[in-house]
Every structure is written in C-alpha cells, then in structure tokens.
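>>> need coordinates for the following:
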Amino acid sequence: MTEETPKEGKPAPATGFKHFCRSCCYTANGLREACKESAFRQELLLGVVLLPLSWLLHFPPMVSVFLDCLWLFLLVTELLNTAIEAIVDLASPGYHELAKRSKDLASAAVGLAIAINVFAWGAAVVVYLLPGK
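As a prediction, this is how the structure comes out:
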C-alpha cells in the first residue's frame with residue numbers, strides 16, 4: 001500500500017507500526033502541552049498523593065482501582081477542557097458569547113469531575129474507614 005502525497009504541512013498518512021509510533025508521539029506532545037497548564041499540573045500532583053493513598057488506606061482492591069480511574073477521568077476531562085479552550089481561542093480570538101459558553105461548559109465538566117472524585121473519596125472513607133460501619 002502506498003502513502004498519499006502529504007498536503008502542505010501535514011504528514012503523509014501512516015499505517016501499521018508507523019501509525020502507532022506517530023500516535024505515541026502525538027500523545028507525548030499533547031501531554032507536554034498539558035503540563036504547561038497549571039490546572040493539569042495541580043491535578044497531576046493530586047494524583048501523586050491520591051494514588052498511593054488509595055492503596056495505603058486498605059480499601060478493597062476494586063475500590064482503590066475505581067478511585068484511581070476517577071482520578072484519570074479528571075485528567076482526561078482537563079485535557080478535553082484545554083483542547084476546547086485552544087480551539088475556541090483560535091476560532092474566536094475576540095470576545096463572543098458562544099465562545100464564553102463553550103469554555104464555561106468545558107470548565108463545568110472539569111468541576112463535575114472534581115466533585116465526582118470528592119464524593120467517591122468521601123464515600124470510600126465513610127464506608128470503609130470510619131468506625132461503626
């Protein structure tokens with residue numbers, strides 16, 4: 001199978017292992033970009049605390065896995081929020097009510113992901129760690 005001629009500034013489509021390698025590079029580039037965002041760095045730091053804590057507090061293993069997955073869900077939500085903000089800034093450099101609405105909705109998704117984490121951690125502590133359960 002031959003590759004198409006690339007359009008200006010765009011790499012030629014890849015398949016197989018080459019496609020996989022490119023995808024890994026795109027992922028690394030995205031994570032590097034995300035680390036420039038203070039909110040993403042703060043959420044990474046939160047994971048440095050929460051991941052070990054989920055296992056040290058003697059929750060059942062599936063609860064620890066669930067809590068860890070919720071933290072990853074928060075990171076994914078933050079990545080999507082950052083991507084939406086970037087594309088909105090590109091499309092609408094000036095103020096526009098729809099641009100504001102889009103950014104507010106993406107921010108609300110992050111807020112809900114944080115609330116879900118707080119709720120799940122609170123529930124896990126109450127159910128598994130507080131005396132008199």
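>>> need the helix or strand of this protein with the lowest average pLDDT.
helix 16-34 (a mean of 96; mean pLDDT, DSSP states H and E).
>>> okay, buried residues for that one please.
Applying a neighbour-count criterion of 16 or more other Cβ atoms under 10 Å, one finds Ala34 buried in helix 16-34. In this view, the C-beta of every residue, glycine as well, is placed from N, C-alpha and C.
>>> helix or strand right after it?
Later in the chain than helix 16-34, the nearest helix or strand by DSSP states H and E is helix 38-56.
>>> quick one: secondary structure of the residue nearest to the spatial centre of the chain?
The chain has Val76 as the residue nearest its centroid, 1.9 Å off, counting by Cα atoms, centre = their mean. With DSSP: H, G, I helix; E, B strand; the rest coil as the basis, Val76 sits in helix.
>>> what does Pro11 give?
From three-state DSSP, the assignment for Pro11 is coil.
>>> give me the neighbour count for it.
The number of residues packed around Pro11, counting by other Cβ atoms under 10 Å, is 9.
>>> repeat for Asp68
15.
>>> separation between it and Phe59?
Here Asp68 is placed at a distance of 10 Å from Phe59 (Cβ to Cβ, to the nearest Å).
>>> check which helix or strand covers Leu98.
Leu98 belongs to helix 97-128, assigned by DSSP H and E.
>>> quick check: angle from that helix to helix 38-56?
10 degrees (axes from the mean of the first three to the mean of the last three Cα atoms, to 10 degrees).
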